[in-house]
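Quick one: sequence and predicted model below, then my questions.
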Amino acid sequence: MIEITLLGFLKESIPAQNRDALVGLLHEYEKETNIYSIERTFVENTFNATIPSEFKEYWVLVFHNTEMIAFGYCYWQIKFENLNKGSIRIFVKKQFRRKKIGSKVLNFLLKEIDAQVTTQTIMAFEGTDGEEFLKQLDGNLVFTELTIASKLSDFTDEEVKQKVRKSVEEAHKKGFSSKFVDTGELLILSANQDFVKMIERNWNATPIEDQSSDEITMTSERLIESFNYRIKRGDQFLTVLAIHNESAKFAGYTMTRVNEYQPNVGFQHDTGVLEEYRGNNLGLTMKYKLLQHLKKNSKVEFWETGSAASNIYMQRINAILKHKPLKTKLVFEFKKSSLQEKVENH
């Protein structure tokens, strides 16, 4: 056992003198879990952005002597749905693992978070020490996410041009058109109730496997705040909409984020087609159009996305778009009371 000190803070109250070391640990975590290089400025700006007001976030920092060697945090809803659920992340520097530091961090968090939070989810990557730790705590595996990416260099401009032309023509014959939307237009659209309802319906239709979750209620204010949070991190949104021509209604959308501090990676934010318009190949049509924009108008080299392991439809689309496996995220769910007992005896 090594001697450690644990200090807890709400995110906004983390002392200035600790932030540089914490960003360093966050950067170390990102480098360990990604195949491409991650810029420190990307990590720093992501961390420094003020979280949306619907969330509360509590952090614990771990020191050995004066060195910060680990962190953990929990965030949870304080305004809308799932008020009883919290999500925890823990990271320990490699040389300090398997010394029960993760258990101490987890125990600290469970004692400090709000009493309303009675269920916890904790994520680990498959094949890591984190997965083994959570299995030892008898976690209930409730969600598996496949994280994959394609290289834009694997597509020729002519190939993408032909795919876009063919898919757009087919969509047009079925009564649909598509439209590219930049970040500014996306914020304007977020005041449109039909657009907001489409986002809400898609989120509630997204496979959650065995996770416990309430229905999501979306408002313009909530959606705009979530987009502005990302924008303050340095993200720009690249969006393609599908529109049903006869009714002029939104049929679906796909969004990718590109960060000014990590311009070589496009992070897929969201994709959805409303139930009544499925079966028209709109998901692939929109993604091809977005791919064409990324190749022509960005520095993106890797296009990363993730989907539930049970989402066969998205897996088919992603296979066509030459996505290859990166890592698998495993989400374990715990009841707070039983988790505390397990941690204390671990």
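That came in fine, so what should we check first? Numbering: from 1, shown residues only.

Give me the phi and psi for Ala268.
No, residue 268 isn't Ala; it's Gln. Main-chain dihedrals, Gln268, degrees, to the nearest 10: phi -70, psi 120.

who's in contact with it?
Residues near Gln268 by CB atoms under 8 Å, 6 or more residues apart in numbering: 254-257, 303-306. For glycine as for every other residue, the C-beta is placed from the backbone atoms N, C-alpha and C.

what about Thr183, how many neighbours?
Thr183 has 16 neighbours, counted by other CB atoms under 10 Å.

Correct me if wrong: it contacts Lys232.
No: the pair Thr183 / Lys232 is not scored as a contact, 12.0 Å apart, by CB atoms under 8 Å.

before we move on, back to that, list just the nearest of the contacts of Gln268 to Arg97.
Gly306 (25.3 Å; CB to CB).

okay, now Ile35: neighbour count?
Per other CB under 10 Å, the neighbour tally for Ile35 reads 10.

does it count as helix, strand or coil?
At Ile35, secondary structure determined by DSSP: H, G, I helix; E, B strand; the rest coil is coil.

and it, backbone torsions?
Backbone torsions of Ile35, given as degrees, to the nearest 10, read phi -90, psi -20.

what's the closest residue to it other than its chain neighbours sitting at in phi/psi?
Leaving aside its chain neighbours, Ile35 sits nearest to Leu326 (6.1 Å; criterion: CB to CB, 6 or more residues apart in numbering). The phi/psi pair for Leu326 (degrees, to the nearest 10) reads phi -110, psi -60.

Identify the residues contacting Leu326.
Here Leu326 is in contact with 34-35, 147-149, 304 (criterion: CB under 8 Å, 6+ apart).

Quick one: list the elements packing against the worst-scoring helix or strand of the chain on mean pLDDT.
Ranking every helix and strand in the chain by mean pLDDT, DSSP states H and E puts helix 336-344 at the bottom, with a mean of 90. Where contact means 3 or more CB pairs under 8 Å, 6 or more residues apart in numbering; DSSP states H and E, helix 336-344 is packed against helix 101-112, strand 119-125.

and it, which residues are buried?
336, 339-340, 342-343 (16 or more other CB atoms under 10 Å).

so where's this structure uncertain?
Low-confidence segments of the chain (pLDDT under 70): 1.

Identify the residues contacting the residue lying closest to Asn259 once chain neighbours are set aside.
Closest residue to Asn259 apart from its sequence neighbours, by CB to CB, 6+ apart: Gly234 at 4.7 Å. Contacts for Gly234 were tallied using CB under 8 Å, 6+ apart; they are 42, 45-46, 259-261.

And those, which two are furthest apart?
Pairwise distances across the contacts of Gly234 (CB to CB) peak at 11.6 Å, for the pair Thr46 and Glu260.

And those two? Which one has more around it.
Per other CB under 10 Å, whichever of Thr46 and Glu260 has more neighbours is Thr46, with 19 against 12.

could you list every residue that touches the more buried one?
Thr46 is in contact with 233-234, 259, counting by CB under 8 Å, 6+ apart.

and it, helix, strand or coil?
helix.

How about Leu291: what's its closest non-neighbour residue?
Leaving out its chain neighbours, the residue that sits closest to Leu291 by CB to CB, 6+ apart is Val160, at 5.8 Å.

Would you mind confirming that the one you found is in contact with Leu294?
No: counting by CB under 8 Å, Val160 stays clear of Leu294, with 9.4 Å between them.

could the buried residues of helix 336-344 go into JSON lines alongside distance to Gln193?
Below are the buried residues of helix 336-344 laid out as JSON lines (distance: CB to CB, whole Å):
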{"residue": "Lys336", "distance to Gln193": "37"}
{"residue": "Leu339", "distance to Gln193": "40"}
{"residue": "Gln340", "distance to Gln193": "43"}
{"residue": "Lys342", "distance to Gln193": "46"}
{"residue": "Val343", "distance to Gln193": "45"}
